[in-house]
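Q: I would like the atomic coordinates for the input below:
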Amino acid sequence: MAPTVRDQDWSERHGDAIREAAPAVPDLTEGEKIALWQRIEASDTHRARRRTHWKAVVAGLVAVGLVGVAGAATGNVFSAHTGRGPVDAEDVELGGPGERLDPRAPDFAGVMDEMTTDIRFPSVAARDSALDWELDNATRDRSDITSLSSGALRLWTAGHALCSWSNVWAGALRTGDIATEQRAADVILGARTWPSITDTDPDMADESEFAWLPDLEQAIRTDDPAAARTALAGNQSCMPGLAPELRLGKRR
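A: All right, here's what the predicted structure looks like:
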């Protein structure tokens with residue numbers, strides 16, 4: 001039976017009502033875009049797991065069916081940001097200062113990226129490797145870990161940056177590249193003023209997290225790569241592939 005004018009009018013009014021009732025979906029932030037694509041990729045059981053790209057760029061939503069996912073992301077239903085901090089001095093001592101982040105959240109990678117943008121690395125590749133390592137360490141087979149302080153995250157990332165700069169310095173020292181050697185040395189010797197370090201470990205002495213930094217500084221001042229390696233070897237700053245010049249961080 002062919003549709004009548006009345007049927008067509010009802011259909012148009014019905015369509016208008018549906019469109020007017022559709023929820024508004026706000027624009028996504030960069031962190032939410034990353035979280036969105038992580039959830040999309042996680043739903044594809046045929047795709048092999050790939051490492052996170054920290055500077056992901058998403059042009060926009062690709063289908064109307066993604067509105068539900070986008071709504072969850074923009075509504076902050078489950079975010080790494082908890083809004084909670086340490087409850088007392090002992091909590092600061094054990095877990096570090098700053099907000100308690102939830103590494104299980106889908107936007108954790110984006111939050112990590114945003115919280116460490118002020119930490120200087122010698123290259124984008126070094127930064128991506130370091131953050132990728134921290135993401136994997138925080139989420140791989142660690143379902144019992146529900147909280148990670150922003151202070152600890154920033155401190156560890158600063159350690160990776162210093163390891164990376166030390167690798168550049170050692171390579172330049174070996175090849176006689178004076179300009180690069182001096183640039184790397186200046187960054188390392190100025191690191192003790194970085195907020196990512198001083199906010200968590202202002203003393204850098206005794207058994208504190210960055211007690212090794214003075215030894216690294218001395219190694220840089222005396223052009224001693226072996227001493228630099230010793231200073232860095234006693235902590236987890238040099239993750240795999242970050243300091244091959246110093247023979248630190250064996251690949252898994």
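Q: contacts, neighbours, all on C-alpha from now
A: Noted.
Q: least confident secondary structure element in the protein?
A: The least trusted helix or strand in the chain, going by mean pLDDT, DSSP states H and E, turns out to be helix 67-74, with a mean of 38.
Q: relative to Thr117, how far out is Leu242?
A: Leu242 is 18 Å from Thr117, where distance means C-alpha to C-alpha, to the nearest Å.
Q: more crowded one of these two?
A: Using other C-alpha atoms under 10 Å, the more surrounded residue of Leu242 and Thr117 is Leu242, with 27 against 11.
Q: list the contacts for the closest residue to that one other than its chain neighbours?
A: Counting by C-alpha to C-alpha, 6 or more residues apart in numbering, Ser164 is the residue found nearest to Leu242 once chain neighbours are left out, at 5.7 Å. The contact partners of Ser164, by C-alpha atoms under 8 Å, 6 or more residues apart in numbering, come to Phe121, Pro122, Ala126, Cys238, Leu242, Ala243.
Q: from the residues you listed, which ones fall inside helices?
A: Mapping the contacts of Ser164 onto helices (DSSP state H) picks out Ala126.
Q: and the furthest pair within the contacts of Ser164?
A: Longest distance between any two of the contacts of Ser164 is 14.2 Å, between Pro122 and Cys238; criterion C-alpha to C-alpha.
Q: compare neighbour counts for the two and give me the winner.
A: More crowded of Pro122 and Cys238, by other C-alpha under 10 Å: Cys238, with 27 against 17.
Q: please name the residues that touch the more buried one.
A: By C-alpha under 8 Å, 6+ apart, Cys238 lies in contact with Gly159, His160, Cys163, Ser164, Leu232, Leu248, Gly249.
Q: so where's this protein shaky on pLDDT?
A: Screening the chain residue by residue with the criterion pLDDT under 70, one finds the ranges 1-77, 91, 141-145, 250-252.
Q: please identify the helix or strand for Ser79.
A: For Ser79, there is no host helix or strand (DSSP states H and E).
Q: okay, it and Ala170: tell me how far apart.
A: Distance from Ser79 to Ala170, by C-alpha to C-alpha: 40 Å.
Q: the more surrounded of these two?
A: Neighbours per residue, other C-alpha under 10 Å: of Ser79 and Ala170, the larger number sits with Ala170, 27 against 21.
Q: settle this for me: that one is touching Pro244, isn't it.
A: No - the criterion here is C-alpha atoms under 8 Å, and Ala170 misses it with Pro244 at 9.8 Å.
Q: alpha carbons only: can I get stretch 199-210 in PDB?
A: What follows is stretch 199-210, C-alpha atoms only, in PDB (Å, rounded to 0.1, in the frame of the first residue of the first chain):
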ATOM      1  CA  ASP A 199      57.400  19.000  44.800                       C
ATOM      2  CA  THR A 200      58.000  15.300  45.800                       C
ATOM      3  CA  ASP A 201      61.700  15.200  46.800                       C
ATOM      4  CA  PRO A 202      63.000  18.600  47.800                       C
ATOM      5  CA  ASP A 203      66.000  17.100  49.800                       C
ATOM      6  CA  MET A 204      67.400  14.700  47.300                       C
ATOM      7  CA  ALA A 205      69.500  13.100  50.000                       C
ATOM      8  CA  ASP A 206      69.700  10.000  52.300                       C
ATOM      9  CA  GLU A 207      67.200   7.400  51.100                       C
ATOM     10  CA  SER A 208      64.900   9.700  49.200                       C
ATOM     11  CA  GLU A 209      63.600   8.900  45.700                       C
ATOM     12  CA  PHE A 210      66.200  11.200  44.000                       C
END
